[in-house]
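Q: Got a predicted structure here, sequence first:
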Amino acid sequence: MISFSVNGTSQMIDVDPSKPLLWVLREQLGLTGTKFGCGMAQCGACTVQLDGRAVRSCVTPVSAVAGKEVTTIEGLKGENATLHPLQHAWIEHQVPQCGYCQSGQLMSAAALLAEKANPSDDDIDRAMQGNICRCGMYGRIRAAIKSAAATSSTALFYNAAQVQEQEQEQEETSHG
Ligand code: FES
Ligand code: FES
């Protein structure tokens, strides 16, 4: 038995420990948003997050995720369970063409933004270099990541401003 968490839900699975995580997600848990491309860590189509870091699930034995948190494209979301800023940006920039590589691209991009809120072009190239897009949407992917980064920092700025405003109001009420 191997127990781990997927998108916030605990799972306990009776499985060959060497079975790749990709096939456990797709066949045993029905999470088919994660795709099979090469099976050799060469294309990025199978990318998921393991404790927040992007990993290739086709070469990750399920035994390696015991006790850890796996996030798949089905679990990617923004605040209050709305779309993640990257998903908004993906739509705005019309990134997907055939769509096959897209869940892997999004999971790599989300791991990057969680680590670096304002990535440079070099950061983006480094984080995304293992995610191949046969439709050649690299320019749009980079633009969408930048746009999501800008939106997220604006949201953080507004949240901080709101908190400050509320604190001021509370202070005024308590002194008044
Ligand atoms: S299917 Fe895993 S990297 Fe290609
Ligand atoms: S959108 Fe077709 S492979 Fe990337």
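A: Nice, I can see it. Residues are numbered from 1 along each chain as shown. Ligands and ions are numbered 1, 2, ... in the order given.
Q: what's in contact with the helix or strand in which A111 is found?
A: Using DSSP states H and E, A111 falls within helix 102-115. Helix 102-115 has contacts (C-beta atoms under 8 Å, 6 or more residues apart in numbering) with 33-35, 37, 43-49, 52-54, 71-73, 76, 84-87, 90, 95-96, 119, 123-124, 127-128, 130-131, 133, 141, 144-145, 148-149, 152. Bear in mind the C-beta positions are built from the backbone N, C-alpha and C, glycine included.
Q: In helices, which of those appear?
A: 85-87, 90, 123-124, 127-128, 141, 144-145, 148-149, 152 (DSSP state H).
Q: What is the most widely separated pair among those residues?
A: Q87 and D123 (20.2 Å; C-beta to C-beta).
Q: Filter the contacts of helix 102-115 to keep only those in contact with ligand 2.
A: Among these, the residues that sit close to ligand 2 (C-beta under 6 Å from any ligand atom) are 96, 133.
Q: Show the buried residues in the contacts of helix 102-115.
A: Buried members of the contacts of helix 102-115, scored by 16 or more other C-beta atoms under 10 Å, are 33-35, 37, 43-49, 54, 71-73, 76, 84-87, 90, 95-96, 119, 123-124, 127-128, 131, 133, 141, 144-145, 148-149, 152.
Q: For ligand 2, see how far away the residue lying closest to V6 once chain neighbours are set aside is.
A: In space, and not counting its chain neighbours, V6 is closest to V70: 4.8 Å by C-beta to C-beta, 6 or more residues apart in numbering. V70 sits 23 Å away from ligand 2, taking C-beta to the nearest ligand atom, to the nearest Å as the criterion.
Q: just to revisit the earlier point, of the ones in helices among the contacts of helix 102-115, closest to ligand 2?
A: Using C-beta to the nearest ligand atom, I141 is the member of the ones in helices among the contacts of helix 102-115 that sits closest to ligand 2, with 8.5 Å.
Q: how close does the closest one sit to D121?
A: Counting by C-beta to C-beta, to the nearest Å, the gap from I141 to D121 is 12 Å.
Q: what's around A41, how many residues?
A: 16 (other C-beta atoms under 10 Å).
Q: actually Q11, sorry about that
A: Neighbours of Q11 using other C-beta under 10 Å come to 16.
Q: doesn't it fall inside a helix?
A: No. Per DSSP: H, G, I helix; E, B strand; the rest coil, Q11 lies outside any helix segment and is strand.
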